[in-house]
Each structure stands twice: as structure tokens, then as C-alpha cells.
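S.K.: got a structure for you, letters missing:
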């Protein structure tokens, strides 16, 4: 995924003090726990089920089989599922046969055509090259993507299971599993790129279609991106583009984490600007969207953590506690929103 850029001055200007949540009106509604209990065991199993297909690399059977399984799981939980196929051009000219998975759920007490809706999203493809591995011989090996990809989808599947059982969420939900997020230019590549943007291609396609009115979706008022939400020792920091385009929503998510009992995981400090799926959602689709993404400020290998884009991004390095913190915060947003 992703590049991280630290712009201290801009972030400092965008941040408000964690001790001054009264300054953000939307945060005041998130004070008490709300909604069903998120099951980290179930989310962990969903994460493992994806990894059992092997690395979900673009243009491979494992990727397509996992796509079909994810779509079927959303259907099993009562969602209406639409597949959005697209042919995308990678950095080196490779044609990527991508598919965004769109799953729509509306609680029975809400009107499907008029209900305010939340976008929950993650990417399900995995990195083709472990180009950040400390061992150079692994730089062209595929990444399993237990955290970088599977963890976000796992949280969404568990949320879908819960909302279908506790059918009283305060908003409708559009789940989107974006494709072709992690096929960006590898560190070892020495050629020239044929495209300006090489990361988060599936979300860029969806956002363009949404902005043009060419999707079935509407009434999407805000969004949450879940990326690398299962790493051992991960914490979630303010992300720069989220603050720039969706500052009130950032504050509401952080307040929701505190109300749900997981405020210690959501740090009131800057984590940099990250090129990720939420950028197109914010700038093209113009839906305020927050990136909940694991951040490791003291990790010498990467601020994304020691397993990012390495062969060690495997189930052995997935934390149920981190999944729980992210998942319960999302549940709090769905059931505590006013």
C-alpha cells in the first residue's frame, strides 16, 4: 500500500486536542457502549479462511476463488451483492482483471431508498512482491496478506454477520471490498511507469463510477476504510487525508472507540498522510472517509509494522485483540450514530 508522508505542520493544524472533544459536536453523541459484541474469534476465522486460498494475487485463481467466497459470505449474511468488474492498467502496463465486491445491507426498520448509509471498505487483493522484506532474496516472493488485506475484510464480514442478527443498526451499510489496491510500483522496479497512479486502482475506478452516477449506490454520507487492522501491537493514529477531508468523522470514530472501551488503541496523535483507498473516496466520490490503519511509529522497518510487504504477513502475526478493537469501534459507529 501505500506511501506515508509526514507533514507535521499541516497535521498539527488539523488536529484538535483529545482532551477537548467538546469542541467537536459530533463526538458528544458517542458516550455509551452500543450494539452487539464483536467476536474477534469469528473475525480471526474469517481472516484465516482468506489465507487458506493462498496469496490473493491479481490475475490468479486464488484471487478469483477468494472473491467468490467473500461475495457468498456477504449473501449468506443477508446482503445484496453486486460485482463491479473492471480492467485496470498497472505501473508496468499489465492489464489487471479486477472486481470490486459491493454488498448492501439495510436494517428492516429503515427505508432502503431514503436511509442514511455508511460505507465500510477494505481491499482483498494481496501484494505480489515482498519488496519490504529484510531479506532481499524474498523481494519477489508473494505476500500472504493476513494483515494487509485479509484483516479488514474479516472485520467487515463479522460486522455483516452481527448486523444481520441484531437488525437494529441506525444506518444502512454498503460494504465494499476493493480490488487492485496493492499492485503499486515495487521498490525494486527500475523501469518507467506507464501510469501516474499505481496504488488503490480498484477504489479509484469505483469512485469515478460513483461520481458519474453509474453505480446503484446512493445516500452514502460517510465512510470508514479498514486497512491492516489485525497486526500485533498495532495502534491507530490520525491519518492526514482523513483529517483534511473528514475531520469531524475522525473525531467521531475516536470518540466511538473510547465509548466502546478501546480508546487506548486509538491514539490522538498524527500518523502521516497515506496513499490508500480512502483518498479517491474523499476526493472523487466526495464521501468523507476515515482511514483506520495500523501505525507503528517506533518500528525501524516500516511505520506500517514489521510484517508489511514481507513474507511474514501471516496468521501467526495476527492479533485477536487488535481485531476486537477495530471491530467493536465499527459496531459502536453503526449502533451509536445519532
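M.R.: Nice, thanks for sending it over. All values reported here derive from a predicted model rather than from experimental measurement.
S.K.: My read is that residue 295 contacts residue 231, right?
M.R.: No: between residue 295 and residue 231 there is no contact under C-beta atoms under 8 Å: 9.5 Å. Every C-beta, even on glycine, is put in place using the N, C-alpha and C of the backbone.
S.K.: which one of those two has more residues nearby?
M.R.: residue 231 (27 against 24; other C-beta atoms under 10 Å).
S.K.: For that one, give me its contacts.
M.R.: 147, 151, 294, 296, 305, 307, 317-319, 322 (C-beta atoms under 8 Å, 6 or more residues apart in numbering).
S.K.: for the stretch 51-200 of the chain, what spans make up the helices?
M.R.: Taking DSSP state H, counting those that start in this stretch as the test, the helices found in the stretch 51-200 of the chain are 61-76, 152-165.
S.K.: List of residues touching the first one?
M.R.: Just to be clear, that refers to helix 61-76. Contacts of helix 61-76 (C-beta under 8 Å, 6+ apart): 46, 49-50, 53-57, 81, 83, 99, 101, 103, 124-125, 153, 157, 160, 175, 177, 179.
S.K.: So for that helix, mean pLDDT?
M.R.: Averaged across helix 61-76, pLDDT comes to 98.
S.K.: Likewise for stretch 260-275?
M.R.: 97.
S.K.: Ends of it, what's the gap?
M.R.: Distance across stretch 260-275, first residue to last, is 28 Å (C-alpha to C-alpha, to the nearest Å).
S.K.: tell me the contacts of residue 228?
M.R.: 1, 147-148, 151-152, 234, 293-294, 304-305, 308.
S.K.: nearest to residue 207, of those residues?
M.R.: residue 1 (16.5 Å; C-beta to C-beta).
S.K.: Now for residue 167: which residues touch it?
M.R.: Counted by C-beta under 8 Å, 6+ apart, residue 167 has contacts 107-109.
S.K.: and these, which are buried?
M.R.: Buried members of the contacts of residue 167, scored by 16 or more other C-beta atoms under 10 Å, are residue 107.
S.K.: Adding pLDDT and distance to residue 72, write the contacts of residue 167 out as TSV.
M.R.: Shown next, in TSV, are the contacts of residue 167 (pLDDT from 0 to 100; distance: C-beta to C-beta, whole Å):
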residue	pLDDT	distance to residue 72
107	95	22
108	94	22
109	94	26
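S.K.: Specify which member of the contacts of residue 167 is nearest to residue 222.
M.R.: residue 107 (17.0 Å).
S.K.: Contacts only, for that closest one.
M.R.: Contacts of residue 107 by C-beta under 8 Å, 6+ apart are 115, 163, 167-169, 172.
S.K.: out of those residues, which are buried?
M.R.: 115, 163, 169, 172.
S.K.: For the second one, which non-adjacent residue is closest in space?
M.R.: If the residues on either side of it in the chain are set aside, residue 163 comes closest to residue 169, at 5.2 Å by C-beta to C-beta, 6 or more residues apart in numbering.
S.K.: give me every residue that touches the one you found.
M.R.: 35, 107, 163, 334-335.
S.K.: Tell me which residues are up against stretch 129-147.
M.R.: The contact list for stretch 129-147 (C-beta under 8 Å, 6+ apart) reads 47-48, 50-51, 54-57, 125-128, 182, 186-188, 228-231, 294, 301-302, 305, 307-315, 317-318.
S.K.: Repeat that for stretch 319-327.
M.R.: 38, 40-41, 43-44, 47, 151, 154-155, 158-159, 226, 229-234, 236, 257, 262, 265-266, 292, 294.
S.K.: Any buried residues in that stretch, and which?
M.R.: Neighbour counts over stretch 319-327 (16+ other C-beta under 10 Å) mark 319-320, 322-327 as buried.
S.K.: I'd like to know which of those residues are part of helices.
M.R.: Among the buried residues of stretch 319-327, the members found in helices (DSSP state H) are 320, 322-327.
S.K.: any chance of those residues in CSV, with pLDDT and distance to residue 141 too?
M.R.: Below are these laid out as CSV (pLDDT from 0 to 100; distance: C-beta to C-beta, whole Å):
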residue, pLDDT, distance to residue 141
320, 98, 27
322, 98, 25
323, 99, 26
324, 98, 31
325, 98, 30
326, 98, 28
327, 98, 30
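S.K.: Just the closest of those residues to residue 31, please.
M.R.: residue 325 (18.2 Å).
S.K.: so who does the residue most central in space within the chain touch?
M.R.: By C-alpha atoms, centre = their mean, the mean C-alpha position of the chain lies nearest to residue 226, the distance being 2.3 Å. Residues near residue 226 by C-beta under 8 Å, 6+ apart: 120-122, 151-152, 155-156, 292, 326, 330.
S.K.: just residue 212 next, same as before
M.R.: By C-beta under 8 Å, 6+ apart, the contact list for residue 212 is empty.
S.K.: Look at residue 269 and give its secondary structure.
M.R.: strand (DSSP: H, G, I helix; E, B strand; the rest coil).
S.K.: In space, what's closest to it - neighbours in sequence excluded?
M.R.: Of all residues not flanking residue 269 in the chain, residue 237 sits nearest, at 5.5 Å (C-beta to C-beta, 6+ apart).
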